[in-house]
Every structure is written in C-alpha cells, then in structure tokens.
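1. sequence-free structure coming up:
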C-alpha cells in the first residue's frame, strides 16, 4: 500500500516561527457542491491554511481556487473509496496522525495544539488523510499503480534538500530583518504650566525650569521617576517607549548617547510646559535563528514514492472529475 507523506515544510511550519492569528468567524456560504456535497467558504479558508502548512500554497494569485479544487478532488477521492469499500477507518486515520505527531516529537494532542496555533482544525487534516488513504488503495488496487524507490534516489534527494535548505537559510540570515536592532528605552516627563496660567510669563517658565533641574538631579533611571518627582507639583511621567535607535532624530540620539542610560536630558520648552526625556536603557535585539532538521531516509522515501504516484493520480482524477457532478454556486469560483 502506498505510504502517506506530509511534505517537509509541514514539520518546518509547525516546529517554530510566529503563529498566525486563530481562525476567525467565516461565512458558511456554499461555494460549490460535488455530487450534492457542499463545500463552504469556511472549508476553503481552512484548506488554504492547511495547504500553506503542507507547502502547497499557490504562487499564481489564485490560492482560493486552488484550495477549492483541492477540496473537490478530496470529496471525489473519499466518495470513490466508499464506493469500492476501501475508505479509511477512524483507527487508521488515528494511527497516521500518531505517526505524524511522533515525527514532530509530540503526541496527537500536541499535534492538535500545533495545528490550532496555525488556525487549522484537526478535522481538516483528518479529512485530508482519509482522502489520501482511500485513494491510494484505489490506485494500487483498481489501477495497479506501483512505485519503487531506489537507495540512490534517496541519496540524491537528501543532497538536494541539504543544498536547498542551505541556500534558503543563507537567504534568511542575509535578510536585513534578521540583523540586530539597537533599541532605546526612553520616557517622556512633562512639567506642564498651570491650566489657565500665562505660558509667556517668564517667572512661570523659570519656576518650572528650576523644578525640572531639581528633577534631573534626583533622577537615577526610569524606575526612579516617581521618587524624583516627589514634592514637585504636577509632574506627568509618560509610558516607556521602545524606539529603534536608527529612527531617532540625530540631535536627540546624540544627546541620549552623551547622557547615557539612567540619565535624563533636557529641559526643553514646549507650548504646554517643560519636557525632559528619561533614558532607561539601550539593548540589542537579534531575531531568533530559524531551525532546520533534515528529514529521515524513511520520510524522503515516502516523499519520492508520492512523487512517483502523482502522474498516475492526476490522470485518474481527470477522469473522475469528468464523471462527477460539480456545481459552482459562486460564479467567481468557476475554472
């Protein structure tokens, strides 16, 4: 029986990287029916996410149509498997899920959590597996499709994957977004003039400037801001701002560099009062390096086996699609 393989990108996508937002509420509108079985907008949304995880994302801008075609084929495969009494059982699907989970060094519950973090319901993957198991049996049984993978082919594929992965890793590491970023933590501190007071009054301005100078002598870092403001009327301590050092105005950057972390710069006159800027700290942030783990020889053998079946599968599916009754409820979904 033909083995099922989940492409290498499946493991890479689930192993790390930022997780996308959880699935949002989707329209349940029917987009198409296959032999009277509906395919909804939500089904397509789920399949788009699963295709991305499986490394099957469309690059031609018609990703929704690709997902719909994927689901149409799947409905036909499952229907044919039932017709010839070779449909996958829940136990067989569970075993395949367990093998996949083991490949990711987790269990089925852990795999489910990983999928949910990517916004994919495990039921979508179960349906995908069911279609593959059933249709594989049809190909090997009714159509007598066979595929043999030689050790030399596995060796060649491993070399290819290593080269491709090495090139991709170099591209990622040379991406400007992977470079370390210097971040300044700064805190605005305002001493506003009295409400209704005369901001042009030199005595008022001087009084607030003197209070600002008093604050500066007490200031020992952002954690000390409240203590430094004790006894000074109406000091507004702002939230700490994380600023990319490369985007800070040159004059302000120079003043911060000269003062150093734990100090405050100013005072500066504004329309509403006197302002200081506290310099909390400076640090470098380096994005985490992506991880890559070579697949096993068994995984590569399964991958090559699937590739050899793909031609026969495409031919059979073309015939089955012609025989199926497919109705598009949404005109934009038509091929």
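-> Nice, thanks for sending it over. As the structure is a computational prediction, the values presented were derived from the model and not from experiment.
2. now for the helix or strand hosting residue 309, which elements pack on it?
-> Residue 309 belongs to helix 297-323 when assigned by DSSP states H and E. Counting contacts by 3 or more C-beta pairs under 8 Å, 6 or more residues apart in numbering; DSSP states H and E, helix 297-323 is packed against helix 63-83, helix 122-141, helix 151-173. Heads up, the C-betas are built off the backbone N, CA and C, glycines and all.
3. just so I know, which of the ones you listed lies nearest residue 310?
-> helix 122-141 (10.5 Å; C-beta to C-beta).
4. Helix 63-83 and the closest one, what's the angle between them?
-> 60 degrees (axes from the mean of the first three to the mean of the last three C-alpha atoms, to 10 degrees).
5. tell me how far helix 122-141 is from the chain's mean position?
-> Here the centre of helix 122-141 is set off from its chain's centre by 27 Å, with C-alpha atoms, centre = their mean, to the nearest Å.
6. Can you give me the buried ones in the helix holding residue 309?
-> Buried positions in helix 297-323, judged by neighbour count with 16 or more other C-beta atoms under 10 Å: 299-306, 308-309, 312-313, 316-317.
7. what are the ranges of the helices in this structure?
-> Assigned helices in the chain, in chain order: 8-15, 41-53, 63-83, 90-103, 108-117, 122-141, 151-173, 202-218, 225-228, 250-259, 297-323 (criterion: DSSP state H).
8. so where's the stretch 151-300 of the chain shaky on pLDDT?
-> Applying pLDDT under 70 to the stretch 151-300 of the chain flags the ranges 195-200.
9. Go again with 90.
-> 165-166, 168-179, 193-206, 269-273, 286-300 (pLDDT under 90).
10. now the stretch 1-150 of the chain
-> In the stretch 1-150 of the chain (pLDDT under 90), the answer is 1-29, 49-64, 99-106, 108, 110-111, 113-114, 117-118, 132, 136-137, 139-149.
11. repeat that with 80
-> Scanning the stretch 1-150 of the chain for pLDDT under 80 picks out 1-28, 53-61, 103-104, 146-147.
12. Can you give me the buried ones in stretch 151-169?
-> Buried-residue list, stretch 151-169, by 16+ other C-beta under 10 Å: 154, 157, 161.
13. Give me the residues contacting it.
-> With C-beta atoms under 8 Å, 6 or more residues apart in numbering as the test, stretch 151-169 has contacts from 8, 290, 292, 294-295, 297, 300-301, 303-304.
14. With respect to residue 134, which of these is nearest?
-> residue 303 (20.2 Å).
15. Now do that closest one against residue 268, distance only.
-> Here residue 303 is placed at a distance of 63 Å from residue 268 (C-beta to C-beta, to the nearest Å).
16. same thing with residue 335?
-> Counting by C-beta to C-beta - residue 335 and residue 268 are separated by 65 Å.
17. Of the two, which one has the most company?
-> More crowded of residue 335 and residue 268, by other C-beta atoms under 10 Å: residue 268, with 13 against 9.
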